[in-house]
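Asks: heads up, no residue letters with this:
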């Protein structure tokens, strides 16, 4: 039962009515029941055992931590490591065993093996395993460091870990910042409910009107890249960048809007990422909760570890204080970005496209920053001028698109083949001779897509100045409802749904 389906809308409508009808002290328990029901309706019945086991392991681990004293540090560390290992072992077994098997077979092939040494395994993976695993691990680590209290009620911890909107595509939560919102009573608030529903409509617009159409074009080119080369690949890659954004951020709008209507505020995951002037800034605006989690629980602990403290000391002795610190930081960043890539999936295309390639970008940006500043100075250009800002935004978008090409390609080999074809046979005339109409969208469909992207761009520009919903809320009643009804009917009239059509799953739903 996908969240863009008619059945889900009926499920949510009934849930919303009952949620505000029952006594408030039972609301959190009702949400837990709804989360279980959603997983059952989504065909996740037996797979519920995985998140239940993870919740039980984390609840037991933090209970044991609560029974230790500050003087029992070795025991506390053993409990922490065991709890982390149990959860990571489940995640690894379900998502990454084939990654190691395929890598081993690939290495064996390089040394002359004609067939794979190992056979892959086929596990059913529960919905949102990466999202709930990271949220729960963050909770355990925070309890260990005294930043959060052990949750005595295991069912409440289950709601935090298994809240069904979060299982779809996140966001990744921090227990100490967000958990209490699930357990607090929530009175019906008309403004809050309507604002949540409004945001859901905007999410449906992104997903059903834009992402689904762009997906047709992208699938046509990437599914037969040997036929399409040059500008076709660039067009499809740019289209995929917008498809990925509208798909993922559209899902977040639906999830955050749904939660807002229930009185639960969840963290933002996007902040106009395509206006970023550097790749580092892009990752502060894209999948924000993943970046924050990785910094708090991977990068900073890594820098403070004895291994990297020693690396930092040796690098400073050999290369000087500034350069030595920089090199040690780059080494820790390599581990960070490798982890980010692996989180996205058990395939080298994810490790490269969402991880190591971005590590290279950020390292080069930092190394080249002084030189770029000198070039601007010689050209008498202010770094804040629109021309310079525009160049930096386009450069960042281009670099991100290269990473997206690896992310979307069937394999690393296909990604390199597509890049080769993109630069050796450009054929720019396809941009104006009507050839783009051969990619699965007719003239009307293409026009709807372009106009929708222009609307998205305009809204993104307004978002840089403040909340668009707050701006609309200040308009006269007839005007603001006209705007929301226009958006609703745009989804109804131009959305890709209905009999004979099945909207694809959200791209990040597989993570």
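Replies: Arrived safely, thanks for sending. Predicted, not measured: the structure shown is a model, and the values here were computed from it.
Asks: Do a quick rundown of the helices in the stretch 101-250 of the chain.
Replies: Along the stretch 101-250 of the chain, the segments classed as helices by DSSP state H, counting those that start in this stretch run 129-144, 154-162, 164-169, 175-183, 190-204, 212-222, 231-261.
Asks: elements contacting the last one?
Replies: With contacts defined as 3 or more CB pairs under 8 Å, 6 or more residues apart in numbering; DSSP states H and E, the packing partners of helix 231-261 are helix 164-169, helix 190-204, helix 212-222, helix 386-408, helix 412-424. C-beta coordinates here come from the backbone N, C-alpha and C atoms, glycine included.
Asks: Please name whichever of the helices of the stretch 101-250 of the chain is nearest to residue 445.
Replies: Across those, the minimum distance to residue 445, taken as CB to CB, is reached by helix 212-222, at 6.0 Å.
Asks: what's in contact with that closest one?
Replies: For helix 212-222, the surrounding residues in contact (CB atoms under 8 Å, 6 or more residues apart in numbering) are 228, 232-233, 235-236, 239-240, 242-243, 246-247, 408-410, 418, 436, 439-441, 445, 448-449, 452, 495-496, 503-504.
Asks: Filter the residues you listed down to the buried ones, PyMOL style.
Replies: To isolate in PyMOL the members of the contacts of helix 212-222 that are buried, counting by 16 or more other CB atoms under 10 Å, one can use:
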select buried, resi 228+232+233+235+236+239+240+242+243+246+247+408+409+418+436+439+440+441+445+448+449+452+495+496+503
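Asks: Domain parsing of the chain, as residue ranges.
Replies: The domain map for the chain lists 27-185, 192-502, with the assignment taken from automatic domain parsing.
Asks: Mean pLDDT and distance to residue 425 added to the helices of the stretch 101-250 of the chain, as JSON lines?
Replies: Formatted as JSON lines, the entries for the helices of the stretch 101-250 of the chain read as follows, by pLDDT from 0 to 100; distance: least, CB to CB, whole Å:
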{"stretch": "helix 129-144", "mean pLDDT": "93", "distance to residue 425": "38"}
{"stretch": "helix 154-162", "mean pLDDT": "94", "distance to residue 425": "50"}
{"stretch": "helix 164-169", "mean pLDDT": "86", "distance to residue 425": "36"}
{"stretch": "helix 175-183", "mean pLDDT": "91", "distance to residue 425": "50"}
{"stretch": "helix 190-204", "mean pLDDT": "93", "distance to residue 425": "38"}
{"stretch": "helix 212-222", "mean pLDDT": "92", "distance to residue 425": "13"}
{"stretch": "helix 231-261", "mean pLDDT": "94", "distance to residue 425": "9"}
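Asks: Of all the ones you listed, which one comes closest to residue 66?
Replies: With CB to CB as the measure, helix 129-144 is the member of those nearest residue 66 (7.6 Å).
Asks: sorry, back to before: distance to residue 17 for the domains of the chain - can I get that in JSON lines?
Replies: As requested, the domains of the chain are arranged in JSON lines below (distance: least, CB to CB, whole Å):
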{"stretch": "domain 27-185", "distance to residue 17": "11"}
{"stretch": "domain 192-502", "distance to residue 17": "11"}
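Asks: for this protein, which spans come out with low pLDDT?
Replies: Residue ranges of the chain with pLDDT under 70: 1, 109, 111-117, 120, 497-511.
Asks: if we can go back for a sec, buried deepest among the helices and strands packed on helix 231-261, which one?
Replies: Mean neighbour count (mean count of other CB atoms under 10 Å) peaks for helix 164-169 among the helices and strands packed on helix 231-261, with a mean of 24.
Asks: what's in contact with that helix?
Replies: For helix 164-169, with CB under 8 Å, 6+ apart as the criterion, the contacting residues are 3, 34-35, 38-39, 51, 127-128, 131-132, 135, 173, 248, 251-252, 254-255, 258-259, 266, 506, 508-509, 511.
Asks: which SS class is residue 71?
Replies: With DSSP: H, G, I helix; E, B strand; the rest coil as the basis, residue 71 sits in coil.
Asks: how many other residues sit next to it?
Replies: Residue 71 is surrounded by 8 other residues when neighbours are defined as other CB atoms under 10 Å.
Asks: Pop out the phi and psi values for it.
Replies: Taking degrees, to the nearest 10, you get phi -80, psi -10 for the backbone angles of residue 71.
Asks: Likewise for the one 10 residues further on?
Replies: Residue 81 adopts backbone torsions of phi -60, psi -40, taken as degrees, to the nearest 10.
Asks: That one: how many residues sit nearby?
Replies: Residue crowding around residue 81 was assessed by other CB under 10 Å; the count is 12.
Asks: sorry, back to before: including distance to residue 297, could the helices of the stretch 101-250 of the chain go into TSV?
Replies: Written out in TSV, the entries for the helices of the stretch 101-250 of the chain read as follows (distance: least, CB to CB, whole Å):
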stretch	distance to residue 297
helix 129-144	6
helix 154-162	16
helix 164-169	18
helix 175-183	12
helix 190-204	28
helix 212-222	33
helix 231-261	21
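Asks: which secondary structure elements does the host helix or strand of residue 292 contact?
Replies: Taking DSSP states H and E as the definition, one finds residue 292 inside helix 288-294. Under the contact criterion of 3+ CB pairs under 8 Å, 6+ apart, helix 288-294 touches helix 129-144, helix 321-344.
Asks: helices or strands up against the first one?
Replies: This points to helix 129-144. Contacts of helix 129-144 with other secondary structure elements, assessed using 3+ CB pairs under 8 Å, 6+ apart, are made with helix 49-66, helix 73-95, helix 154-162, helix 164-169, helix 175-183, helix 288-294.
Asks: Give me the angle between that helix and helix 321-344.
Replies: Relative orientation of helix 129-144 versus helix 321-344 (axes from the mean of the first three to the mean of the last three CA atoms, to 10 degrees): 130 degrees.
Asks: could you give the angle of helix 129-144 to helix 154-162?
Replies: Using the same axes, to 10 degrees, the interaxial angle of helix 129-144 with respect to helix 154-162 works out to 130 degrees.
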